Structures are given as C-alpha cells and as structure tokens.
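Undergrad: 3D, please:
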Amino acid sequence: MFIELDFRNHVPIYVQIVERIKHLVATEVLEPGDQLPTVRQLAADLRVNFNTVARAYRILDQAGLVSTQQGRGTYVLESLPPGRSTRLRQAALKALTQHFLTEAARLGFEPDDVDHDVEKLIKRWRQEGTP
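TA: Take a look at the predicted model:
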C-alpha cells in the first residue's frame with residue numbers, strides 16, 4: 001500500500017495515515033474486502049511507532065471505513081454510499097489543498113503568486129487533460 005508521510009508537516013502522522021487511507025478508499029484504489037497491512041507491518045514500512053498506526057486504524061474502524069477482526073486483520077468495508085464517497089473525496093481534496101497552501105506559505109510565497117501559478121496549471125489541465 002502506498003502511503004507517503006511528511007515528517008516536517010505539522011499534521012500528526014496518525015492523521016496523515018488516516019487521510020491517505022480515506023483517499024485510497026474514496027478513489028477505489030483500495031476496494032471492499034481488501035486487507036490492509038498489519039499494524040506492525042505498516043509501522044515498519046513507514047518507520048513509525050506501532051501505536052501511531054494502531055491509532056489510525058482505530059479511527060478508520062470507528063468511522064466505518066475498515067473492520068479490524070482480532071487475529072484475522074483489517075479489511076476495507078463494503079462500498080460506501082455515493083454521498084459518503086463524494087464527501088470523503090471532497091475532504092481529501094480539502095486536505096490536499098490545505099497542505100499545499102501551508103507549504104507554499106512556509107516557503108514564503110504570497111497568495112497572488114500561488115493563485116497565478118495554480119491558474120496556469122488548471123488551464124493546462126483543462127486543455128490537455130493532465131495536471
């Protein structure tokens with residue numbers, strides 16, 4: 001499973017894991033019935049504390065996105081209703097946008113600089129079909 005973490009970001013690691021898994025479910029990269037890596041395996045892969053991944057999995061379980069079965073593993077639950085999937089995708093987009101703007105500000109860019117570059121990229125995306 002592809003999860004990339006930003007250790008310099010001010011967003012807690014467990015939240016980054018939750019948001020990435022939500023995004024993978026919303027975009028159907030992870031499908032109903034897919035098994036997630038074990039907590040220990042994902043913690044080792046990401047080089048984070050076991051408890052960090054366990055916390056993320058608990059949050060996902062409480063949100064109804066996954067089901068953790070003692071001794072069997074953690075699985076993606078059945079398909080989400082269309083409205084819930086749309087909300088998850090919108091939340092993922094908002095999180096990505098917020099992260100992007102936070103990083104741009106951290107690098108010293110002004111809103112007008114970002115607006116100009118993003119506008120150009122969106123225009124190209126509409127014309128060429130690729131961002």
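Undergrad: pLDDT-wise, which helix or strand of this structure ranks last?
TA: helix 82-106 (a mean of 79; mean pLDDT, DSSP states H and E).
Undergrad: Tell me how far the spatially most central residue of the chain lies from residue 30.
TA: Geometric centre of the chain, nearest residue: residue 20, 1.9 Å, by CA atoms, centre = their mean. Going from residue 20 to residue 30 by CB to CB, to the nearest Å gives 10 Å. All C-beta atoms are positioned from the backbone trio N, CA, C, and that covers glycine.
Undergrad: if I pick residue 75, what's in contact with it?
TA: By CB atoms under 8 Å, 6 or more residues apart in numbering, residue 75 lies in contact with 33, 34, 35, 36, 66, 67, 69.
Undergrad: Please indicate which of the residues you listed are buried?
TA: Among the contacts of residue 75, those that count as buried by neighbour count (16 or more other CB atoms under 10 Å) are 36, 66.
Undergrad: Closest one of the contacts of residue 75 to residue 16?
TA: Residue 16 lies nearest to residue 36 out of those, by CB to CB, at 15.3 Å.
Undergrad: Spatially nearest residue to the closest one (excluding sequence neighbours)?
TA: The spatially closest residue to residue 36, leaving aside those adjacent along the chain, is residue 74, at 4.4 Å (CB to CB, 6 or more residues apart in numbering).
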